[in-house]
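[1] Let me see the structure of the following:
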Amino acid sequence: MGITSSLQTGLSGLSTSQSQIDVVGNNIANVNTIGFKSSRLDFKTQFLENFSFGSAPSANLGGTNPLQIGLGATAGAITRDFGDGSLQVTGVNTNLAIQGQGMFVLKDGPQQVYTRDGTFQLNGLNQLVSGTGQVVQGFGVDPSFNIVPGVLGDLNIPIGSLTVAQATQNANMTGNLNTGGTVPSTVSNITLGQPLYLSDGSGGVDATNPPTGATLLTDVTDASGTSLFQAGDVISFTGNKGTRSLKSQSLTVGAGTTLADFESFMNGTLGINTTAGANGALAAVPGVTVPATGNTATLTISGNPGSQNDIALSNSSLSITRGAATTAPFTWTKNGTADGESVYTSMTVYDSIGTPINVNVVATLMDKSTTGSDWRFYADSPDGTATGAATQTSVGTGTLSFDTSGHLLATNTPTVTIDRTNSGAVPSLSFALDFSHMTALSGTNSQMASTFQDGSPPGTLTTFSIGNDGTISGSFSNGLSRTVGQVALATFRNVEGLIDRGSNAFIEGPNSGTAIISAPTQFSAGRVVSGSVELSNVDLSGEFVQLIAASTAFSASSRVITSSNQLLQELLSAAR
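    Numbers count the residues shown, from 1 in each chain. Reported below is the predicted structural model:
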């Protein structure tokens, strides 16, 4: 081996030391780079000059070891440390950090890139983007705000633009029902002042047969044979019930409108609940009927029990608009007034598009015994969308049983159902009434109120938060909270095989394996911390040590070259 070999050996030392200084310098330069991962240069020896491979021991010789002279060093590998960096709290809810394995997924044109830099922000389209404008990828939600896993897409957080409402599903009632009150003894009983006749078709009345439910409304006459209704008439009906006024409803008389349709219209407007059958111990069956006597029929109204179910009509309660004229040709006779302990309250609920709907609830004492008391509730709503003969403001009823200490024993409370056909909302709004907080103790007056209902009017997304599992929860101005997306993380079988493409971004390399996309905390992915960023994991003190070692090695390698050069100079001088 000549002296020139030592020149090459020293040169390799210079080259590897320079590479180490480059790596250390890059680490130090990025000590404040968000999400930066430090690197380490590993050396290996270059090929060796072999003078002997050694010999094996024998009976006469103990053996010799190989005789080799190294020819310098070369860079073996640059290893990147993907360990966690320290977290720095920023307070910005779009800033994210990862604790554990995984990288954020970004869309850079048609390509996916990966980063640990979570300095994200919202752009003008409400997309979550990196500082260089790449769109953060994640999982979206379906129309019911459930995460759609496995379908990667741009994360959009529509602050100020997304509006949601929630239909009422549950309503709680509270208060005390006065068991010391009286049990109802009568119900409202009202009759139409004019008897109804059936037209004989010749301008008179049928002398034998009375009108029935199947009779066309245009064939119903007064005693003189004059038709009370004509096709095209608009019948308006209203009244008072307990301490409240009823909403006016209307029915347009058509060629096929029957007296039964008219009964149904009146019954629906008054909100009389007919599903409970006879009124407890009272024989009266609630509803609007037309009982006949001879060739006449009398329109009769029987209400539900309880003073808050008492019906009151005036002579103007039923009017007819015919052309431009409106008349109120009918009178009413009140034969009975509803009595008995009863309490009324109203509340507002919401349909699926957030429309407020008024609901009235009446509770009436039905029975007292040695085992306790029984009550019945009646619910009605004037805001159902069915009209005419289909009008039905009575929307539910049920029973409540209390023990002798006033505690609720059992309830039979089916859901309240309100017709919302052709309103743009779900056609039927159904919700449950919870009376479990009610008591039935003796008191001066019954009291009842709705303390909670879970529906909401329309509300706009005002703020959001991101959980450890990457779930983005939006808060709306109406108090609702909905999931609007989920941040995705990518893990790799060999994360050190990723290719650094600059700007804190990596792309898949031939030895990294394919990205495994999942939600945070799933598979081997770490958790996400919102309002924080991950700092560089560079150990500055360690880098200074490496820098000193590299610069010292560089100087020493240069001395090898200097020494070899001096020997060559002496050799050349001697040769002269």
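
[2] after the longest strand seen in the chain comes which helix or strand?
    Determined from DSSP state E, the single longest strand within the chain is strand 356-369. Using DSSP states H and E, the helix or strand that follows strand 356-369 in sequence is strand 372-380.

[3] partners of that following strand, with directions?
    strand 356-369 (antiparallel), strand 394-402 (antiparallel) (DSSP bridges).

[4] Mean neighbour count and distance to residue 215 for those - can I get that in JSON lines?
    Using the backbone N, CA and C atoms, a C-beta is placed for each residue, glycine as well. Below are the strands paired with strand 372-380 laid out as JSON lines (neighbours: other CB atoms under 10 Å; distance: least, CB to CB, whole Å):
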{"stretch": "strand 356-369", "mean neighbour count": "21", "distance to residue 215": "33"}
{"stretch": "strand 394-402", "mean neighbour count": "21", "distance to residue 215": "25"}
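
[5] Save these as a markdown table, and put in mean pLDDT too.
    Formatted as a markdown table, the strands paired with strand 372-380 follow (pLDDT from 0 to 100):
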| stretch | mean pLDDT |
| --- | --- |
| strand 356-369 | 95 |
| strand 394-402 | 94 |
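
[6] Reformat these as JSON lines; add distance to residue 297.
    What follows is those, written out as JSON lines (distance: least, CB to CB, whole Å):
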{"stretch": "strand 356-369", "distance to residue 297": "30"}
{"stretch": "strand 394-402", "distance to residue 297": "24"}
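
[7] who wins for proximity to residue 126 among the ones you listed?
    strand 356-369 (28.9 Å; CB to CB).

[8] Could the C-alpha coordinates of the closest one be exported in CSV?
    Extracted in CSV, the C-alpha atoms of strand 356-369 (Å, rounded to 0.1, in the frame of the first residue of the first chain):
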residue,chain,number,x,y,z
PRO,A,356,-92.3,26.1,16.6
ILE,A,357,-95.6,24.3,17.4
ASN,A,358,-97.9,25.1,20.3
VAL,A,359,-99.1,22.2,22.4
ASN,A,360,-101.8,22.4,25.2
VAL,A,361,-101.8,19.8,27.9
VAL,A,362,-104.7,19.4,30.4
ALA,A,363,-104.7,17.0,33.3
THR,A,364,-108.0,16.1,35.0
LEU,A,365,-108.8,14.2,38.2
MET,A,366,-110.8,11.1,37.2
ASP,A,367,-111.0,9.0,40.4
LYS,A,368,-110.0,8.9,44.0
SER,A,369,-110.0,5.7,46.1
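
[9] Could you give the number of residues near the residue nearest to residue 457 when sequence neighbours are not counted?
    Nearest residue to residue 457, sequence neighbours excluded (CB to CB, 6 or more residues apart in numbering): residue 354, at 4.4 Å. Other residues near residue 354 come to 18 when the count uses other CB atoms under 10 Å.

[10] Could you number the chain from 36 rather than 1 from now on?
    Done: numbering now begins at 36, and the last item shifts to residue 389.

[11] what does the model give residue 389 for pLDDT?
    Per-residue confidence (pLDDT) for residue 389: 95.

[12] ditto for residue 337
    Looking at residue 337, the pLDDT reads 94.

[13] ok, it - contacts?
    When contacts are counted by CB atoms under 8 Å, 6 or more residues apart in numbering, residue 337 touches 222, 223, 224, 307, 319, 320, 321, 322, 323, 324.

[14] can you list contacts of stretch 502-516?
    Counting by CB under 8 Å, 6+ apart, 173, 182, 190, 192, 197-201, 389, 491-501, 517-524, 554-557, 562-565 sit against stretch 502-516.

[15] Equivalent analysis for stretch 523-534, please.
    In contact with stretch 523-534 (CB under 8 Å, 6+ apart) are residues 114-115, 117, 133, 136-140, 149, 172-174, 187, 505, 541-555, 558-561, 563.

[16] Can you give me the buried ones in the longest helix belonging to the chain?
    Scanning the chain for the helix with the most residues, using DSSP state H, yields helix 575-610. Across helix 575-610, burial judged by 16 or more other CB atoms under 10 Å covers 578, 581, 582, 585, 588, 589, 592, 595, 596, 599.

[17] How about stretch 527-540?
    With the criterion 16+ other CB under 10 Å, stretch 527-540 contains buried residues 527, 530, 531, 533, 539, 540.

[18] Run the chain-centre distance for that stretch.
    36 Å (CA atoms, centre = their mean, to the nearest Å).

[19] And stretch 494-508, by the same measure?
    Computed by CA atoms, centre = their mean, the chain-centroid distance of stretch 494-508 equals 10 Å.

[20] May I have the distance across it, first residue to last?
    End-to-end span of stretch 494-508 (CA to CA, to the nearest Å): 15 Å.

[21] again, but for stretch 362-376
    Where stretch 362-376 begins and where it ends lie 37 Å apart, using CA to CA.

[22] Stretch 85-98 now?
    17 Å.

[23] just stretch 249-262 next, same as before
    16 Å.

[24] try stretch 452-469
    End-to-end distance of stretch 452-469: 15 Å, with CA to CA as the criterion.

[25] how distant is stretch 502-518 from the center of its chain?
    The answer for stretch 502-518 is 8 Å, by CA atoms, centre = their mean.

[26] List the buried residues in that stretch.
    So stretch 502-518, judged by 16+ other CB under 10 Å, has buried residues 502, 505, 506, 507, 508, 509, 511, 513, 515, 517, 518.

[27] What residue spans form the domains of this protein?
    Following automatic domain parsing, one gets these domains for the chain: 38-117+572-610, 122-201+495-569, 205-218+376-489, 224-371.

[28] Compare the ones you listed and say which comes out lowest on pLDDT.
    Per-stretch mean pLDDT for these is lowest at domain 38-117+572-610 (a mean of 83).
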